[in-house]
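J.: What follows is a protein structure lacking sequence information:
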Ligand code: LLP
């Protein structure tokens, strides 16, 4: 993944030990070239079909990252008014933004209509509320219906989103009647169907299954005289977090092979043309970023612990999904892994474990532990738990570095808090 020199890890042409000294730790480091290449590999593979790639902003909403993706031609999947604002300020055009979400307030709906973006409608209740909001604003809004396709990917249950029991979308069997209702509602223009079946999917056959189901719905609508403009199949393509997964992790090309034959065959049969929309998050940003962290203590107890300065406040994935991230001692990359360690964070919870039972070179206080593949759902899911200001982020490119988010300070913990006058 990276060049190694002087026993140091290099990333984006930069010695990460120097980066840690210059910017402090913990520190998220993103490689611009990797980011551009990841996006381009989607674009290239889907070039033969009319496809738009809507980057899933929830994976990593840093503005510099959004700007880079905007310059590559990305659209955006946003899940809140906040993500919509970020996306707009990064310069992604409204016609390439889909406002998703299963619980949108009237203010969210208003913001979506006023911004002129499309809305993925998650329930019939929302559909009626959106029509009322659009009426009030005297504007038409384009919508997609979010489908719950009842497809089961083999992923952690917390990141499967298209199961029958999942909270997202309108049940498969009610989609046609929801579409029919939308046709009758004022200021609603139904233009698409949308689904997203889950995340970190390594077996692409479920994407074929989801495409089949979505295209069956398109056929059902076609038979009822309802023609659409696009089908959005969501994101979900997995990446290789473990070295062993490198060989099996699917690429955008594998995704295209799973989706396109099914998609194109049905369009051909029906004599229609639809735009394909995809919403990748993790597969665009996951491998672009590392998290640098300093070792504060090494303890030989019932287990060998390495206590670092980044915990689930900055990377919650290991705790929340039992997710695996490779860890590397960045200042000892050429040393032999000789000891078994459990790498833990600084948070006051036993569950704050970043990496369990890993063979590493002998670790000492002051060493630099680097957590790999931390670009997706890393910083974006961070918190200030235990009174820890969030860390800085930098962008590296061909040996150059830019700060893309300042480290928070203790001031940021206090800023919005108010002490009632009677206590002062
Ligand atoms: N579209 C929709 C509607 C989604 O809900 C998501 C992710 C995506 C696209 C992007 O999926 P991706 O390509 O990144 O798999 N925090 C979890 C993942 C949650 C995914 C939520 N939805 C994790 O760290 O594994």
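T.: Structure received. Bear in mind that the values here come from a model prediction, so they are computed numbers and not experimental data.

J.: Of all residues in the chain, which one is nearest the centre?
T.: Residue closest to the average C-alpha location in the chain (Cα atoms, centre = their mean): residue 59, at 2.3 Å.

J.: Verify the contact between that residue and residue 279 for me.
T.: No. Assessed by Cβ atoms under 8 Å, residue 59 is found out of contact with residue 279, at 9.8 Å. Yep, even glycine has a C-beta here, placed from its N, CA and C like the rest.

J.: what about the nearest residue to residue 51 once chain neighbours are set aside, is that helix, strand or coil?
T.: The spatial neighbour of residue 51 that comes closest, neighbours along the chain excluded (Cβ to Cβ, 6 or more residues apart in numbering), is residue 276 at 4.5 Å. Per DSSP: H, G, I helix; E, B strand; the rest coil, the local secondary structure of residue 276 is strand.

J.: what does residue 250 give?
T.: coil.

J.: which residues touch it?
T.: Residue 250 makes contact with 201-204, 237-238, according to Cβ atoms under 8 Å, 6 or more residues apart in numbering.

J.: 10 Å - rerun?
T.: By Cβ atoms under 10 Å, 6 or more residues apart in numbering, residue 250 lies in contact with 201-204, 207, 237-240, 257-258, 283.

J.: same deal with residue 107?
T.: For residue 107, the contact set (Cβ under 10 Å, 6+ apart) comprises 81, 133.

J.: which stretches of the stretch 101-250 of the chain form helices?
T.: Using DSSP state H, counting those that start in this stretch, the helices assigned to the stretch 101-250 of the chain run over residues 106-115, 124-137, 175-184, 205-223.

J.: ok so, going back, who are the neighbours in contact with the residue nearest to residue 51?
T.: So residue 276 contacts 46, 49-53, 211, 230-233, 256, 259-260, 263-264, 267 (Cβ under 10 Å, 6+ apart).

J.: ditto for residue 399
T.: Residues counted as contacts of residue 399 (Cβ under 10 Å, 6+ apart) are 10, 12-15.

J.: ok, back up a step: now list whatever residues contact both of residue 59 and residue 279.
T.: Common neighbours of residue 59 and residue 279 (Cβ under 10 Å, 6+ apart) are 77, 235.

J.: Of the contacts of residue 250, which is the most crowded?
T.: When neighbours are taken as other Cβ atoms under 10 Å, the top entry among these is residue 283 (28 neighbours).

J.: Quick check: that one touching residue 234?
T.: No. Judged on Cβ atoms under 10 Å, residue 283 makes no contact with residue 234 at a distance of 12.0 Å.

J.: Now do the residue of the stretch 251-400 of the chain found nearest the ligand against residue 373, distance only.
T.: Closest contact between the stretch 251-400 of the chain and the ligand, by Cβ to the nearest ligand atom, is at residue 281 (2.7 Å). As for residue 281, its distance to residue 373 is 13 Å (criterion: Cβ to Cβ, to the nearest Å).

J.: try residue 403
T.: 22 Å.

J.: what do you get for residue 245?
T.: Counting by Cβ to Cβ, the gap from residue 245 to residue 373 is 10 Å.

J.: near the ligand, which residues of the chain?
T.: Listed as neighbours of the ligand in the chain under the rule Cβ under 6 Å from any ligand atom: 56, 58-59, 77, 100, 159, 161, 196, 199-200, 234-237, 279-283, 317, 321, 376-377.

J.: Perfect, that will be all.
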